[in-house]
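Engineer: sequence plus the predicted model coming up.
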Amino acid sequence: MPAFVVVGRKVCTDGNFSLNDLTGSTGRLDVLLRCVNSAFMLSNDIRRDIDLYLVLMGEPDPPRTLRLCGSELKYLNPDERSTGALVKNALMKKPDEGWTMSTPGIYVAKMGLPGVLAELQGRRLVYLKEEGAPISDVVLSQNDIFVLGGKEDLSPEDEKTVSAWPVTLKISLGPKSLHADHCITVALNALDRL
Ligand SMILES: C[S@@+](CC[C@H](N)C(=O)[O-])C[C@H]1O[C@@H](n2cnc3c(N)ncnc32)[C@H](O)[C@@H]1O
């Protein structure tokens with residue numbers, strides 16, 4: 001089962017935001033909400049065989065990670081606002097280093113990228129990056145972990161974490177710099193066609 005890990009370098013780490021302002025004071029949470037849509041939403045169905053990790057590194061209390069498990073998800077709708085409400089609920093929880101369930105299929109923990117990757121040991125990491133090797137040169141696996149930036153690229157520290165992973169491929173999805181949610185759509189399409 002593939003896992004996607006999206007790092008939101010400036011995305012807020014508490015639930016004190018307005019659902020009317022998902023693009024401003026949240027540090028561009030809207031970008032990650034669109035990633036949720038791309039990861040799970042099919043026409044009239046939900047992808048059950050995927051996990052998505054949203055790593056939030058903004059103020060006031062980084063890090064926080066939300067884990068969305070397709071096999072367990074409930075109450076997910078295609079619009080950003082209702083997904084924003086699910087995320088807001090999760091960020092209202094006082095998390096510790098282990099996972100706390102917020103709503104079915106949505107968990108929150110006080111961990112950053114190193115903690116997330118520690119949970120996914122033994123799997124190949126595919127770092128999505130504009131200047132990577134062409135995706136047509138590699139054979140993807142349903143067990144790959146895909147790591148990408150949200151609104152911004154990964155921080156130098158997170159790049160170090162990714163580089164230190166035992167098996168890392170740096171893969172480009174094409175010559176243009178894409179939105180993170182579109183990267184997920186393209187990568188999932190490549191997996192669907194295996
Ligand atoms: C919106 S882009 C970041 C754009 C830009 N580099 C910046 O910092 O403003 C978010 C992420 O999507 C991934 N990405 C974007 N275009 C890509 C491509 N053509 N191939 C692979 N990954 C890509 C990268 O992980 C990138 O960090």
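Structural biologist: Arrived safely, thanks for sending. Numbering: from 1, shown residues only.
Engineer: enumerate every residue touching Trp165.
Structural biologist: The contact partners of Trp165, by Cβ atoms under 8 Å, 6 or more residues apart in numbering, come to 117, 125. No exception for glycine: its C-beta is placed from N, CA and C like everyone else's.
Engineer: can you verify it is assigned to a strand?
Structural biologist: No - when classified by DSSP: H, G, I helix; E, B strand; the rest coil, Trp165 is found to be coil rather than part of a strand.
Engineer: next one: it, what pLDDT does it get?
Structural biologist: pLDDT, Trp165: 93.
Engineer: may I ask you to name the longest strand in this structure?
Structural biologist: Among the segments of the chain that qualify as a strand by DSSP state E, the longest is strand 125-134.
Engineer: what sits closest to the residue of the chain found nearest the ligand if chain neighbours are left out?
Structural biologist: Residue nearest to the ligand within the chain: Gly149 (2.7 Å; Cβ to the nearest ligand atom). What sits nearest to Gly149 in space, not counting adjacent residues and going by Cβ to Cβ, 6 or more residues apart in numbering, is Val7, at 5.7 Å.
Engineer: wouldn't the one you found be in contact with Leu113 here?
Structural biologist: Yes - between Val7 and Leu113 there is a contact under Cβ atoms under 8 Å: 6.1 Å.
Engineer: which neighbours do the two share?
Structural biologist: When contacts are counted by Cβ under 8 Å, 6+ apart, Val7 and Leu113 have 55, 147, 154, 158 as shared neighbours.
Engineer: burial check on the second one, number of neighbours?
Structural biologist: Look at Val147: counted by other Cβ atoms under 10 Å, it has 29 neighbours.
Engineer: what residues are bridge-paired with it?
Structural biologist: Here Val147 sits in beta bridges with Val5, Tyr127, as judged by DSSP bridges.
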